[in-house]
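Q: quick one, structure for this:
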Amino acid sequence: MTNTQHDNPVIDRYLDALWMEKGLSQNTLSSYRSDLIHFDRWLLPRSVQLLRAQGSDIQEYLAYRLEKSQSSTPIAKRRSAARLLSCLRGFYRYQLRESQISLDPSLDIESPAIGRPLPKSISEEDVEALLAAPDTDEPLELRDRAMLELLYASGLRVTELVSLQVGQLSLTQGVVRVMGKGSKERLVPTGEEALLWLQRYMQKGRPLLLGNTMSDVMFPSKRGTMMTRQTFWHRIKVYAQRAAISSPLSPHTLRHAFATHLINHGADLRVVQLLLGHSDLSTTQIYTHVARERMKDLHAQHHPRG
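A: Residues are numbered from 1 along each chain as shown. Below is the predicted model:
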């Protein structure tokens, strides 16, 4: 059964309110909808309505989801359960605020304890090898080189990158205007090297890709439409294999590399926060742990008593 076959106006009203109040992306809203619909379906055979669920129902459901989880590790399973509980908490807090319920059933339920993982990154040498992998004599691979350069130079999220419009990039000022999570806008410098590749792509690659097609998409697909995130992920894997990079790579890995390498070279944490578009500094602070680990490695490698 698909989500479209399950209609619950209570869920629809909540998601509409989320969109109005927080401007969440369609991907996030779809994820919330899926979680709420799954919980609603689980309650149906138990003759429990979504707005009449008790704390015991939520705890039993979380246990059920943990048992059924396909995640490969216990930490991944607990993280999935914590995300699900966060979704249910937001839903019931909203219903309490709207006087649809008199007691929040999620109030006394503790989130599963999970360790915060260090973000996966790659070395500066591997980044250089990856950036050099595309054959820039080919328009499609020139586009990919410009995308990779911009991704590493500006730390964009993959959705921000593939949805970029021509009007969001200023080649004269060397900045890109990004619409991030929650419709928050930020200006990010492109850096000189990325700017050179973007200029070359705009002159020699994009016109050949589009032909007679009119499009505002900065990095169009072969059909002149917006590229999907999955397609770009696949392109990165192709270039990683070509560059003989063995560690797993994704667009997010380059975003992590952007932040990690900045901090390794002495960038201020708050500047990195602004560049990444993090609303909370605590989200960015994870990169200080990465830099600290690198300092330990360097100390052990170079100090006579390391």
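
Q: make it CA atoms for all contacts and neighbour counts henceforth
A: Fine.

Q: low-confidence bits of the stretch 1-150 of the chain, can you list those?
A: For the stretch 1-150 of the chain, applying pLDDT under 70 flags the ranges 1-6, 70-78, 111-121.

Q: ok, now the stretch 201-306 of the chain?
A: Checking the stretch 201-306 of the chain against pLDDT under 70 turns up 267-275, 277-306.

Q: okay, strands next: where are they in it?
A: Applying DSSP state E, counting those that start in this stretch to the stretch 201-306 of the chain gives no strands.

Q: ranges for the helices of it?
A: Using DSSP state H, counting those that start in this stretch, the helices of the stretch 201-306 of the chain run over 206-210, 229-242, 251-264, 269-276, 281-284, 286-302.

Q: against which helices or strands is the first one packed?
A: So that's helix 206-210. Identification of packing neighbours for helix 206-210 by 3 or more Cα pairs under 8 Å, 6 or more residues apart in numbering; DSSP states H and E yields helix 139-154.

Q: which residues touch the helix it packs on?
A: Applying Cα atoms under 8 Å, 6 or more residues apart in numbering, the external contacts of helix 139-154 come out as 131-132, 134-136, 156-158, 161, 188-191, 193-195, 197-198, 201, 204-206, 208-209, 219, 222, 235, 251, 254-255, 257-258, 275-276.

Q: same question, stretch 199-208
A: Glu138, Pro139, Leu140, Leu142, Arg143, Ala146, Leu171, Phe219, Pro220.

Q: any chance of a ChimeraX selection covering the buried ones in the contacts of helix 139-154?
A: This is the ChimeraX syntax for the buried subset of the contacts of helix 139-154, where burial follows 16 or more other Cα atoms under 10 Å:
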select :131,132,134,136,156,157,158,161,188,189,190,194,195,197,198,201,204,205,206,209,219,235,251,254,255,257,258,275,276
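
Q: now do the SS call for Phe39.
A: Here Phe39 is helix, with the state taken from DSSP: H, G, I helix; E, B strand; the rest coil.

Q: check Asp104 too.
A: Applying three-state DSSP: Asp104 is coil.

Q: how about the contacts made by it?
A: Tyr92, Arg93, Leu96.

Q: phi, psi of it?
A: Note on Asp104: backbone dihedrals following degrees, to the nearest 10 are phi -80, psi 110.

Q: that one and Ser170, how far apart?
A: With distances taken as Cα to Cα, to the nearest Å, Asp104 is found 49 Å from Ser170.

Q: check Gly55 too.
A: In terms of Cα to Cα, Gly55 sits 52 Å off from Ser170.

Q: now Pro251
A: The gap separating Pro251 from Ser170 is 23 Å, by Cα to Cα.

Q: do the same with Arg41
A: From Arg41 over to Ser170 (counting by Cα to Cα), the distance is 49 Å.

Q: likewise for Arg143?
A: 17 Å.

Q: neighbour count winner among these two?
A: Neighbour tally, Arg143 and Ser170, criterion other Cα atoms under 10 Å: the higher count belongs to Arg143, 26 against 14.
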